[in-house]
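Peer 1: Predicted model, plus sequence, below.
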Amino acid sequence: MKKVLVISFSNLKTDPRVYRQILFLKSVEDFDITAVGYCSPDISGLNSISIKKVKGSITSKLTRGFQLKSNQFEKYYWTSPPVKESLNKLKDNFFDLIIANDINTLPLVVFLAKKNGAKVLLDAHEYQPRQFDDRWLFRFFFQDYWDYICRTYLPKADAMVTVCQGIAEEYSKNYGIECGVLTNAPFQELLKPSPVDDQSIRMIYHGFLNSSRKIENMLYLMDLLDERFSLDLMVIPNQGGYLQKLQKLVSIRKRISFREPVPMPQISRALNEYDIGLFLLWPASFNYRLALPNKLFEYIQGCLAVAIWPSQEMVRVVHEYNCGVVSDDFTLESMAKVLNNLSTEEIKKFKENSRIASPHLCAEKNRDILLDTVASLISD
């Protein structure tokens with residue numbers, strides 16, 4: 001029996017990438033899995049260790065800011081509350097393999113692995129050194145820190161994967177490491193496209209609320225679209241103030257509604273009744289410019305046509321499978337022009353192409369990649 005540790009400083013119940021990762025590993029009878037995160041994923045037969053999500057005081061933030069600006073990077077990392085708590089709870093455990101999710105768990109995992117003689121697999125969900133490079137606080141305090149962590153600890157991982165080709169290439173270019181790709185695709189649903197009404201084209205956006213994504217752009221887009229189009233928002237209200245802003249914008253517009261979110265495993269099925277999955281991601285940061293998110297694959301599994309701005313990695317998928325439309329630039333006017341010119345037959349074709357693409361863009365494909373990687377690390 002191989003003992004595997006999965007660690008992520010996130011809510012394991014709502015973090016789809018880590019949740020699927022655990023399910024992939026659970027499918028192997030010879031694995032005894034322990035998961036560490038802010039919340040149990042509620043997967044049966046799993047050893048789960050919860051750690052607290054601590055909000056630091058003003059004093060602690062000032063102290064930690066000083067550590068960053070004085071290049072006390074190791075001290076900053078090892079005094080982090082989730083690192084300290086995880087280390088305390090795991091110090092007496094033995095593992096054959098440890099999977100570090102995101103760069104922020106990597107130094108901890110490298111330390112535990114050395115103590116255990118375990119192999120290390122890093123799943124970098126983003127390009128960490130430029131995670132929020134649109135924000136001056138990140139550039140001022142964290143950019144050098146994350147560069148140090150990457151230069152020091154990436155070479156100590158036995159294998160590494162990330163979410164898309166562009167980010168994999170960036171890690172390889174800057175840190176000289178080999179990085180595979182494991183997309184954010186959900187499980188295959190085997191759905192059929194829903195009928196398309198000539199007079200009523202139903203669009204949907206779903207996801208967490210995040211003001212940096214400028215979700216309001218999709219509301220403003222509706223001002224430029226013809227009467228055929230309606231938009232539903234299925235959002236997780238994690239930013240209360242931002243939600244109120246969106247609610248106010250919706251209240252003065254027609255053909256836009258909120259709908260209740262559904263549990264993560266049900267998202268693609270809930271989307272299936274719609275025609276177009278809309279995602280206008282403002283390219284504010286490096287990671288936003290290279291985003292290849294869950295929702296794109298959930299739209300495809302739901303057999304929807306996809307409508308996006310020209311975000312590099314999403315464009316690759318939409319063009320390869322001809323499953324939607326891409327605007328010429330990052331303006332509402334260019335997207336409105338594309339959508340207003342869409343015929344019902346074109347939407348039907350895109351929806352059917354999403355159905356055709358769904359077996360190729362599903363979690364089952366990623367399961368094979370992950371388990372092959374794991375087997376190469378811990379095979380007898």
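Peer 2: Arrived safely. Numbering: from 1, shown residues only.
Peer 1: Pretty sure residue 4 sits in a strand.
Peer 2: Yes: counting by DSSP: H, G, I helix; E, B strand; the rest coil, residue 4 falls inside a strand.
Peer 1: and residue 349, what is it in contact with?
Peer 2: residue 322 (CB atoms under 8 Å, 6 or more residues apart in numbering). No exception for glycine: its C-beta is placed from N, CA and C like everyone else's.
Peer 1: Quick check: which element contains it?
Peer 2: Using DSSP states H and E, residue 349 falls within helix 344-357.
Peer 1: Would you mark the buried spots in that helix?
Peer 2: By neighbour count with 16 or more other CB atoms under 10 Å, helix 344-357 contains the buried residues 347, 350, 351, 352, 353, 354, 355, 357.
Peer 1: and the gap between the second one and residue 41?
Peer 2: Put plainly, it is residue 350. As defined by CB to CB, to the nearest Å, residue 350 lies at a distance of 34 Å from residue 41.
Peer 1: Next: the first one.
Peer 2: Using CB to CB, one obtains 36 Å as the distance from residue 347 to residue 41.
Peer 1: Pass me the low-pLDDT residue ranges in the stretch 51-200 of the chain, would you?
Peer 2: Residues of the stretch 51-200 of the chain meeting the criterion pLDDT under 70: none.
Peer 1: now the helices: where do they sit in it?
Peer 2: Secondary structure of the stretch 51-200 of the chain by DSSP state H, counting those that start in this stretch: the helices cover 58-69, 73-78, 81-90, 106-116, 136-137, 143-153, 165-175.
Peer 1: okay if I get these as CSV plus distance to residue 45 and mean neighbour count?
Peer 2: Formatted as CSV, the helices of the stretch 51-200 of the chain follow (distance: least, CB to CB, whole Å; neighbours: other CB atoms under 10 Å):
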stretch, distance to residue 45, mean neighbour count
helix 58-69, 38, 13
helix 73-78, 33, 16
helix 81-90, 20, 16
helix 106-116, 22, 20
helix 136-137, 42, 9
helix 143-153, 31, 17
helix 165-175, 32, 17
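Peer 1: what would the ones you listed look like in TSV with distance to residue 187?
Peer 2: Output for these, formatted as TSV (distance: least, CB to CB, whole Å):
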stretch	distance to residue 187
helix 58-69	39
helix 73-78	35
helix 81-90	29
helix 106-116	27
helix 136-137	37
helix 143-153	31
helix 165-175	22
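Peer 1: So for residue 122, which of the ones you listed sits nearest?
Peer 2: Residue 122 sits nearest to helix 106-116 of all the helices of the stretch 51-200 of the chain, at 5.8 Å, using CB to CB.
Peer 1: angle of that closest one against helix 143-153?
Peer 2: If you take axes from the mean of the first three to the mean of the last three CA atoms, to 10 degrees, helix 106-116 sits at 20 degrees to helix 143-153.
Peer 1: Could you name the helices and strands sitting against helix 106-116?
Peer 2: If you count contacts as 3 or more CB pairs under 8 Å, 6 or more residues apart in numbering; DSSP states H and E, helix 106-116 packs onto strand 2-8, helix 81-90, strand 97-101, strand 119-124, helix 143-153.
Peer 1: The ones you listed: which one's closest to residue 182?
Peer 2: Proximity to residue 182 (CB to CB) singles out strand 119-124 among the helices and strands packed on helix 106-116, at 6.8 Å.
Peer 1: tell me which element residue 35 falls in.
Peer 2: Assigned by DSSP H and E, residue 35 falls in strand 31-37.
Peer 1: Give me the buried positions along that strand.
Peer 2: Neighbour-count burial for strand 31-37, counted by 16+ other CB under 10 Å, picks out 31, 33, 34, 35, 36, 37.
Peer 1: Can you list the helices and strands that that strand packs against?
Peer 2: Applying 3+ CB pairs under 8 Å, 6+ apart, one finds that strand 31-37 makes contact with strand 2-8, helix 16-26, strand 47-50, helix 81-90.
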